[in-house]
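Chemist: can you look at this prediction? I've put the sequence above it.
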Amino acid sequence: MLFSKIKNIRKFLVNTIYASTNQSPYVKSAINEILKQYSKGSFILNVGSGNKRIVPHIKNLDISTGENIDYTCDAKTIPIEDNCVDLIITQEAFEHIPSPQKALKECYRILKDGGKIYFQVPFIVGYHPGPTDFYRFTREGIENFLSDVGFKVEKVEITRAGAFGFYYVAVEFFAILFSGPISFLYIPSKGIFSVLLYPIKIFDFWFRLSKKRDRIPCGYYAIGKKIL
């Protein structure tokens, strides 16, 4: 019972306090806008979805089996025929793929001509294996990454700006500082500092207005279009 309560508290802290990038109003607005371009009958695929379904008619693909998973596979070998998918959404997933370009080529392959990808990845955030963690992406890196595969990059925007980037580094810094070599203290320390340092996030709007906003943003989302 106690273990279950601790697990639920940790899940609450992670989803609502610490890792809230997907709750960014800019992210939500971007996804809502792109979803408006497609009907409920469109084939929309969420790559690296986890168990959450964004809307009922979106298909989920993840490396692990679980509730709401329609395709259980590696993103480098997607069991879908060429030119079938209207829209791909991927949020905070490609940093976990050991060969991300192969996975992106698969996304390009299964998209219809004119199909789009909503591509969201981190830049400043701590190491977070799920089950592995390989890469971080700058604005230029995302543009090159998508265009090299063949996508026309229509938009690249910040998900969360510098206050969030600093927050993630600060939480990790103090969690490691106060736990030191005592490993079991790391998680509770991280939970405490996630709450104590939460007010830092309030300043994110100011960092977004800066011309230097690409220095330490939390991450980016991009929209690419398949053009043969």
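Modeler: Sure thing, it's come through.
Chemist: show me the helices in this structure, by range?
Modeler: Per DSSP state H, the chain carries helices over the ranges 2-12, 25-35, 100-110, 139-149, 162-179, 186-196, 204-209.
Chemist: between the ones you listed, which one is nearest to V55?
Modeler: Closest of those to V55 is helix 25-35, at 6.9 Å (criterion: Cβ to Cβ). C-beta here means a position set from N, CA and C on the backbone, and glycine is covered the same way.
Chemist: which helices and strands sit right next to the closest one?
Modeler: Of the remaining helices and strands, those touching helix 25-35 by 3 or more Cβ pairs under 8 Å, 6 or more residues apart in numbering; DSSP states H and E are strand 85-91, strand 111-122, strand 151-158, strand 219-226.
Chemist: can you tell which of those is closest to T65?
Modeler: When the helices and strands packed on helix 25-35 are compared by Cβ to Cβ, strand 85-91 sits nearest T65, at 18.7 Å.
Chemist: okay, A19: pLDDT?
Modeler: The score at A19 is 75. That number is its pLDDT.
Chemist: hmm, I typed the wrong one, I wanted I9.
Modeler: The model reports I9 with a pLDDT of 60.
Chemist: excluding its backbone neighbours, what's nearest I216?
Modeler: Distances taken as Cβ to Cβ, 6 or more residues apart in numbering place G165 nearest to I216, at 4.0 Å, with adjacent residues excluded.
Chemist: wait, what's in contact with the one you found?
Modeler: Contacts here follow Cβ atoms under 8 Å, 6 or more residues apart in numbering; on that basis G165 touches 123-125, 216-218.
Chemist: in the protein, where is pLDDT below threshold?
Modeler: For the chain, applying pLDDT under 70 flags the ranges 1-16.
Chemist: can you tell me which residue is nearest the centre of the chain?
Modeler: The structure's the chain has its C-alpha centroid closest to E92; by Cα atoms, centre = their mean the separation is 1.8 Å.
Chemist: give me every residue that touches it.
Modeler: E92 touches 21-22, 48, 120-122, 219, counting by Cβ under 8 Å, 6+ apart.
Chemist: how deep is V153 tucked in, by neighbour count?
Modeler: 17 (other Cβ atoms under 10 Å).
Chemist: bridging residues for it?
Modeler: G224 (DSSP bridges).
Chemist: between the contacts of G165, which is closest to N68?
Modeler: The nearest member of the contacts of G165 to N68, counting by Cβ to Cβ, is V125 at 24.7 Å.
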